[in-house]
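**Q** okay, here's the prediction I keep looking at, along with the sequence it came from:
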Amino acid sequence: MQKVVSRDGTTIAYEKAGDGPPIVLLNGSFRDHTIFDALVPELTPYCTTYVYDRRGRGESGDAPAYEVAREIEDLEAVIEAAGGSAVVFAGSSGANLAIEAALAGAPITKLALHEPFYRVDGFPKPPWNVAKTLRVLMEQDRRQEAVEYFLGSFLGLTPDTVAQWRKGPIWAVNEANAHTLAYDVKICGDCTVPADRLAGYRTETLVLNSSGTSEWLRAAAQATAAALPNARCLELPGSWHRIDMDVLGRTLAEFATA
């Protein structure tokens, strides 16, 4: 992987592929750049893709203390490597991070978001002490419990669903990156859609959700789009929190190159 150095000196690892206008892909909780392995080939005939490991994951470095502002600077460093401005696509808590970066003035030419982690009226918010509980679990190196707690308390997955996840092939990655869950919780704050702040953001934005996702994620996507003056919301075929990859690739390529 190639490397850039963020403003605080942290090394951020990224990969570049394809030809065309630049698009930076920003992942959510748990994952590193490999979450986009199936999406990149869908985009590279039309775009130059930049995928990177967020700090604390994969081949990227980290810092002793976490601040959301440092992650915004990481994204800006990757955008600088992409030529100084770029389309950004982000999902899950990564979408919350991309929104914060956009509102902070990151040079994003277009913004595409997949199901940001907000909770609108009618859907209960996560417990107020999620971040503290995760910190305690990680201090005791109880990584499996931290992952299970995040999935249940923050994402609202049932114990049976969490048990199925535990049997899956990427559970080891979940545990390896469990220390970054507190980062994502801090990014999401109180999970309220920042409607007043979004009202002043006029860059073209596409907000996506899948047809098979949770009602709270669908409502979050719709509320995010409604708060933005230059946004549209689009539902695409898919399962829980996942859009069919060929459809997602085609949609993002059209959005990025239009």
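**A** That came through, no problem. Numbers count the residues shown, from 1 in each chain.

**Q** how far away is Phe123 from Gly156?
**A** 9 Å (CB to CB, to the nearest Å). Glycine gets a C-beta too; all of them are placed from N, C-alpha and C.

**Q** mind listing the shared neighbours of these two?
**A** Common contact partners of Phe123 and Gly156 (CB atoms under 8 Å, 6 or more residues apart in numbering): Trp216.

**Q** tell me which element Glu254 falls in.
**A** Counting by DSSP states H and E, the element that carries Glu254 is helix 245-257.

**Q** tell me which residues of that helix are tucked away?
**A** Leu248, Gly249, Thr251, Leu252, Ala253, Phe255, Ala256 (16 or more other CB atoms under 10 Å).

**Q** any chance of CSV for the residues you listed, columns pLDDT?
**A** Output for the buried residues of helix 245-257, formatted as CSV (pLDDT from 0 to 100):
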residue, pLDDT
Leu248, 97
Gly249, 97
Thr251, 98
Leu252, 98
Ala253, 97
Phe255, 98
Ala256, 97
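
**Q** which parts of the chain are strands?
**A** 2-5, 11-18, 22-26, 48-52, 86-91, 108-114, 205-210, 231-236, 238-239, 242-243 (DSSP state E).

**Q** tell me how far stretch 82-94 lies from the chain's centre.
**A** 9 Å (CA atoms, centre = their mean, to the nearest Å).

**Q** about what we covered before: of the buried residues of helix 245-257, closest to Gly84?
**A** Ala256 (16.1 Å; CB to CB).

**Q** just checking, the closest one touches Lys110?
**A** Yes: using CB atoms under 8 Å, Ala256 is in contact with Lys110, at 6.6 Å.

**Q** overlap in contacts, the two.
**A** Val87.

**Q** contacts only, for the residue positioned nearest the centre of the chain.
**A** A centroid search over the chain (CA atoms, centre = their mean) returns Gly94, at 1.7 Å, as the residue closest to the centre. When contacts are counted by CB under 8 Å, 6+ apart, Gly94 touches Leu26, Asn27, Gly28, Arg54.

**Q** so it versus Glu145, what's the distance?
**A** 24 Å.

**Q** what's the neighbour count on Arg7?
**A** Arg7: 12 surrounding residues under other CB atoms under 10 Å.

**Q** ok, now how distant is the residue nearest to it when sequence neighbours are not counted from Thr49?
**A** Nearest residue to Arg7, sequence neighbours excluded (CB to CB, 6 or more residues apart in numbering): Glu73, at 4.3 Å. Distance, Glu73 to Thr49, using CB to CB: 21 Å.

**Q** hang on, the earlier thing: and the furthest pair within the buried residues of helix 245-257?
**A** Leu248 and Ala256 (12.1 Å).

**Q** surely Ala104 and Ile72 touch.
**A** Yes: using CB under 8 Å, Ala104 makes contact with Ile72 at a distance of 5.4 Å.

**Q** who has more neighbours, those two?
**A** Ile72 (22 against 13).

**Q** distance of the residue lying closest to that one once chain neighbours are set aside from Asp141?
**A** Sequence neighbours aside, Ala101 is the residue nearest to Ile72 in space, at 4.5 Å (criterion: CB to CB, 6+ apart). Look at Ala101 and Asp141: by CB to CB, they are 31 Å apart.
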